[in-house]
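[1] Generate a structure from the sequence data that follows.
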Amino acid sequence: WVLLGRTDGTAFVDISNPNMPVYVGELLRTPGSPRSGWRDMKVYRDHAYIVADGAEAHGVQVFDLRQLRDVAPEEMPKTFEMTNHYPGTNSTHNIVINEETGFAYAVGNRSGGETCQGQLHMISLADPGNPTFAGCYGLADAGGTHDAQCVIYRGDDDDYRGREICFNSNGGTFIIADVTDKADPKTLAQTDYPNQAYTHQGWLTDDHNIFYMNDELDELNNLVSGTRTLIWDVSDLDDPVLAGEFTHDNKASDHNLYVRGNTMYQSNYQAGVRMLDISNPLEPRYIGHFDTVPFGEDEPGFGGSWSNYPYFDSGVIAISSRGEGLFLVKKQELDL
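    From the prediction side, this is the model:
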């Protein structure tokens with residue numbers, strides 16, 4: 001299944017046969033909330049949790065995905081109702097879930113509710129259909145968190161191995177926090193880097209020793225020569241080190257990136273999805289791409305590939321593109 005964010009809600013697409021995807025139905029935005037250019041959702045067990053930014057009292061929509069199993073063809077596309085509504089936060093830019101611990105983290109919160117200074121609004125999913133507030137993490141004068149990845153840390157830092165660690169992209173700073181104790185979360189590190197414009201998002205390698213990060217606005221502000229990926233060594237969580245940078249041969253703005261095994265998948269707006277081989281994590285190697293806007297120039301700006309999901313067992317990669325819709329692709333293995 002693909003859960004695809006729209007300005008007015010969420011679409012549910014059955015991709016069991018990726019050559020013939022089926023639009024099964026939709027969940028519209030929370031009644032009374034406006035349309036939103038930013039909608040995000042994550043899944044825990046059999047429930048989806050959906051947020052929207054610039055959306056007033058949207059809150060977190062809770063949706064039991066099991067409803068999708070029994071929709072008859074003649075009902076499609078069916079309009080669903082949300083299963084529950086979590087009102088603890090209103091307008092929220094993004095939601096992060098650690099599936100190992102069963103906690104969600106709403107980030108970029110504003111417009112009412114418990115905003116947690118726009119940083120980590122922690123939610124227990126112990127009962128997936130009935131989320132409950134678990135606490136706040138917010139560092140003074142650190143701005144709002146735009147995105148985060150929260151994991152049970154398995155990297156080389158013995159002091160924190162086995163603890164729940166969040167890697168937070170906060171617009172103006174990069175923050176690492178220990179959120180194991182929801183009543184007393186701790187800041188481990190806060191840092192910046194050269195030619196910083198907007199610390200947007202990032203993802204860990206499977207061994208949790210490297211964190212790849214994108215800065216959404218450095219290309220638009222002419223601070224770099226091409227699309228730049230920052231490479232952080234996080235083997236010492238108290239002292240992360242910028243170990244390197246990778247620069248593409250075009251200047252498209254970068255948005256969301258994800259890692260699966262030895263491949264990094266970057267949604268770089270006008271340049272589409274770019275794939276990098278990270279077998280050598282400090283020296284990524286460009287290996288391919290799929291351009292969702294081949295008629296557009298690979299230049300700074302916000303059209304084109306918004307995000308991607310490379311984690312299906314089938315190898316299908318789902319790509320969302322702002323004005324073009326949903327693409328389903330597969331990486332070709334070529335003998336060169």
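
[2] any chance you could map the helices in this protein?
    Shown for the chain, no helices are assigned by DSSP state H.

[3] which intervals of it have sub-threshold pLDDT?
    336 (pLDDT under 70).

[4] So what sits opposite residue 12 in the bridge?
    Following DSSP bridges, residue 12 is listed with bridge partners residue 3, residue 25.

[5] Neighbours of it, how many?
    Counted by other C-beta atoms under 10 Å, the residues lying close to residue 12 total 24. For every residue, glycine as well, the C-beta is placed using N, CA and C.

[6] Likewise for the one 5 residues further on?
    The criterion is other C-beta under 10 Å. On that basis, residue 17 has 8 neighbouring residues.

[7] Do you have the strands of the stretch 51-200 of the chain handy? List them.
    60-64, 78-80, 84-86, 89-98, 103-113, 120-124, 132-137, 147-152, 164-169, 174-178, 186-191, 199-204 (DSSP state E, counting those that start in this stretch).

[8] Quick one: closest of the ones you listed to residue 11.
    Closest approach to residue 11 among these is made by strand 78-80 (10.7 Å; C-beta to C-beta).

[9] which residues sit against that closest one?
    Residues from elsewhere that reach strand 78-80 (C-beta atoms under 8 Å, 6 or more residues apart in numbering): 12, 24, 25, 26, 27, 28, 63, 67, 71.

[10] mind running it again at 6 Å?
    The contact list for strand 78-80 (C-beta atoms under 6 Å, 6 or more residues apart in numbering) reads 25, 26, 27, 71.

[11] How much space separates the residue located most distally from the centre of the chain from residue 290?
    The outermost residue of the chain relative to its centre, with distances by C-alpha atoms, centre = their mean, is residue 74 at 33.8 Å. The gap separating residue 74 from residue 290 is 34 Å, by C-beta to C-beta, to the nearest Å.

[12] Equivalent analysis for residue 132, please.
    40 Å.

[13] Just want to know which of those two has more residues nearby.
    Taking other C-beta under 10 Å, residue 132 and residue 290 do not tie; residue 290 has more neighbours (20 against 11).

[14] Spit out the contact partners of that one.
    Residue 290 neighbours (C-beta under 6 Å, 6+ apart): 272, 273, 329.

[15] Looking at those, state which has the most neighbours.
    Ranking these using other C-beta under 10 Å puts residue 273 first, with 27 neighbours.

[16] so that one makes contact with residue 305?
    Yes - using C-beta atoms under 6 Å, residue 273 is in contact with residue 305, at 5.4 Å.

[17] Touching both of these two, which residues are there?
    267, 319.

[18] if we compare the strands of the stretch 51-200 of the chain, which one ends up closest to residue 225?
    Among those, strand 199-204 sits nearest to residue 225 (C-beta to C-beta), with 18.6 Å.

[19] contact partners of that closest one?
    So strand 199-204 is contacted by 146-147, 149, 169-171, 174, 211-214, 216, 256-259 (C-beta under 6 Å, 6+ apart).

[20] Select from the contacts of residue 290 every entry located in strands.
    Judged by DSSP state E, those include 273, 329 as members of strands.

[21] now the contacts of residue 290 in CSV, with distance to residue 294?
    As requested, those are exported to CSV (distance: C-beta to C-beta, whole Å):
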residue, distance to residue 294
272, 8
273, 12
329, 13
